[in-house]
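*Asks:* this is the structure alone, sequence omitted:
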């Protein structure tokens, strides 16, 4: 955004002021995340920068909180991580399958009452989590699935499907249906057509929907707070409990791991999005 | 003269054959949507309906005092009721005592009128000494409150199967003895404040998000791809990061010994021993929620701005408009759909926020969601939690409906 040489001085000032404002907003967005990284390597038991850390003295840094996170005897992080992964894994599979199949139907031009169905299928994303949590808790308690993995997985499938529906329908707009018709005319049955033609083409959308569903389940805390028993504790629950008591460096270590994970997910989601746009021939 | 009908290969008229094929395709599409639809109906829509039901359901006490309520129905509420009411009450209480379940009616009746707790407990204790016949006199002898009209009116008021009392409580109203709607007692009017605060926070967070998002969305939309992709990461990384991680980073930043307070002290804005409280109040809620919800404003704005051709602004300027006029008259109106989409999305999300206000909001920064959670987990007044939830749900669904009308739900973009 370099300015031409004839720009008047007042526009010049305005232009640089504008860029400074943008810089500050980007700083506001991203800086809070980076405050956590150095603090997780703190050698002391406090959540602020010690004099040694500010002087960049190696003695001020240590990995003790990461050790505490993994080997600490009283720490529930191991069980929590195991539960989180199991729950998120099955919730992702469930929401991806249900969401993709529904998106295929919704994208068909023969689908009646499309808008109404779409509004209903997206609603778990819009309705405040506290309400979903309350309603799902009453239901799960009634059918005896409260405080079970199954109950939490079902709840997370509910919360994850809207994301899959949205991403897959987005991928399917601009999908060239003549290729599936071509396959059918060559004698392929619908299942075969889907597996060999449609799925490979919409796969980037499906995977990015699955990533959304995974992250939704992995981060979700409100509904789990209602549903989980001691056995079903998850990483977000443990963070929630820890944060309510007091900020501890171990939480900073866990948070750092989560930030690294979200960075990896972001990178893969971005790569998938670009691949999907290339596959669909959308050039921006 | 008859027109020859065109037949398809299977001998049916083409029109019929086409309709059949259309119907088959329609059925196929519906069958694909059906599994998720049925799943959501059973595990989501039905439970929300059940929650609605629970918020007005008052049948438990009716089932526990069946004879009393049948007998008291005919009573006009003026003079003390006659013997049959007391006899029915004796029958019910005796049964409740035998099954040791009378504790459950105490809380419910005490909610109707204070003083029922000791009244029921004392009466149940002395129930064995009751002799058959003339129950009215014996009841009044056991406790003089059985001879006071208010208590019996309250008992009668608890009889209907359905009640809107919890909804009234949610807006600081209640039924008086005569069934009229009146204001809640002064010291119990807390919910109106909470609703107003929730609306206020959601409103201002939306405004702040808009003010911060507009310039950077414009920058992202106008920069060359290779720079904007890099800057887009600044928006998307927080978006993909765990909510609890982002909230905990605000707890680190806003704490009393935290970096922001250090800066304030360093700049001489406050003394070291008088560091301002930035957290556990409404300031913390505002700041943290604005940063957390900002990507939800940037993404719709960006996707709208991306479609606006830069030549429009150039045309405006070449026709003699200053850049400011060109922006106000051409660019800004074109971004209004994005502003609407982003604002409604942020507002909907903010109005139901729970985690962040609970962690950084303290008492003065907590919102309606926190109260719902409190009644679900601590006070265990589930029907009240359900009533508050239903009220919030109606609000959100109204906004959702407007959003759907204005933006169209299939235009939601993610990432």
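*Replies:* Here it is on my side, so go on. This structure is a prediction, so every number in the text was calculated from the model and none was measured.
*Asks:* the helix or strand hosting residue A:237 close to chain B?
*Replies:* According to DSSP states H and E, residue A:237 maps onto helix A:235-245. Yes. Residues of helix A:235-245 contacting chain B under CB under 8 Å from any CB of the partner chain: A:236, A:239-240, A:243-244. Where you see a C-beta, it was placed from the backbone N, CA and C, and this is true even at glycine.
*Asks:* for chain B, state which of the residues you listed is nearest.
*Replies:* Distance to chain B across the residues of helix A:235-245 next to chain B (CB to the nearest CB) is lowest for residue A:239, with 4.5 Å.
*Asks:* surely residue B:216 touches residue B:297?
*Replies:* No. If you go by CB atoms under 8 Å, residue B:216 and residue B:297 don't touch, sitting 9.8 Å apart.
*Asks:* tell me which of those two has more neighbours.
*Replies:* The neighbour count for residue B:216 versus residue B:297, taken as other CB atoms under 10 Å in any protein chain shown, is higher for residue B:297 (29 against 25).
*Asks:* residues contacting the more buried one?
*Replies:* Residues in contact with residue B:297 (CB atoms under 8 Å, 6 or more residues apart in numbering or on different chains) are B:206, B:209-210, B:212-213, B:217, B:342-343, B:345-346.
*Asks:* filter those residues by proximity to chain A?
*Replies:* Residues of the contacts of residue B:297 in contact with chain A (CB under 8 Å from any CB): B:212-213.
*Asks:* can you pull out the low-pLDDT segments for chain A?
*Replies:* Scanning chain A with the threshold set as pLDDT under 70 gives A:1-2, A:73-74, A:280-284.
*Asks:* in it, what residue lies closest to chain B?
*Replies:* Nearest residue of chain A to chain B, counting by CB to the nearest CB: residue A:128, 2.3 Å away.
*Asks:* that residue: how many residues sit nearby?
*Replies:* By other CB under 10 Å, 24 other residues sit near residue A:128.
*Asks:* around chain A, pick out the residues from the stretch 51-200 of chain B.
*Replies:* Within the stretch 51-200 of chain B, the residues that sit near chain A (CB under 8 Å from any CB) are B:51, B:54.
*Asks:* repeat that with 10 Å
*Replies:* By CB under 10 Å from any CB of the partner chain, the residues of the stretch 51-200 of chain B that approach chain A are B:51-54.
*Asks:* ok, so of those, who is nearest chain A?
*Replies:* Using CB to the nearest CB, residue B:51 comes nearest to chain A of those, at 4.6 Å.
*Asks:* what's the burial count for that closest one?
*Replies:* Per other CB under 10 Å, the neighbour tally for residue B:51 reads 25.
*Asks:* helix or strand for it, just tell me which one.
*Replies:* Per DSSP H and E, residue B:51 falls inside helix B:46-56.
*Asks:* and residue A:111, by the same measure?
*Replies:* Judged by DSSP H and E, residue A:111 forms part of no helix or strand.
*Asks:* who does the helix holding residue A:237 touch, helix- and strand-wise?
*Replies:* Counting contacts by 3 or more CB pairs under 10 Å, 6 or more residues apart in numbering or on different chains; DSSP states H and E, helix A:235-245 packs against helix A:77-107, helix A:199-219, helix A:222-227, helix A:249-279, helix B:243-254, helix B:355-360.
*Asks:* so what's the gap between the helix or strand harbouring residue A:165 and the chain middle?
*Replies:* With secondary structure defined by DSSP H and E, residue A:165 is part of helix A:149-172. Mean-position distance between helix A:149-172 and its chain equals 11 Å (CA atoms, centre = their mean, to the nearest Å).
*Asks:* and it, which residues are buried?
*Replies:* Buried residues in helix A:149-172, defined by neighbour count with 16 or more other CB atoms under 10 Å in any protein chain shown: A:149, A:151-172.
*Asks:* again, but for stretch B:15-31
*Replies:* Using 16+ other CB under 10 Å as the test for burial, stretch B:15-31 gives B:17, B:29-30.
*Asks:* try stretch A:217-233
*Replies:* Using 16+ other CB under 10 Å as the test for burial, stretch A:217-233 gives A:217-228, A:232-233.
*Asks:* redo the residues you listed as TSV? Include distance to chain B.
*Replies:* Formatted as TSV, the buried residues of stretch A:217-233 follow (distance: CB to the nearest CB, whole Å):
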residue	distance to chain B
A:217	12
A:218	8
A:219	5
A:220	9
A:221	6
A:222	6
A:223	11
A:224	11
A:225	8
A:226	7
A:227	12
A:228	12
A:232	16
A:233	14
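*Asks:* okay then, goodbye and thanks.
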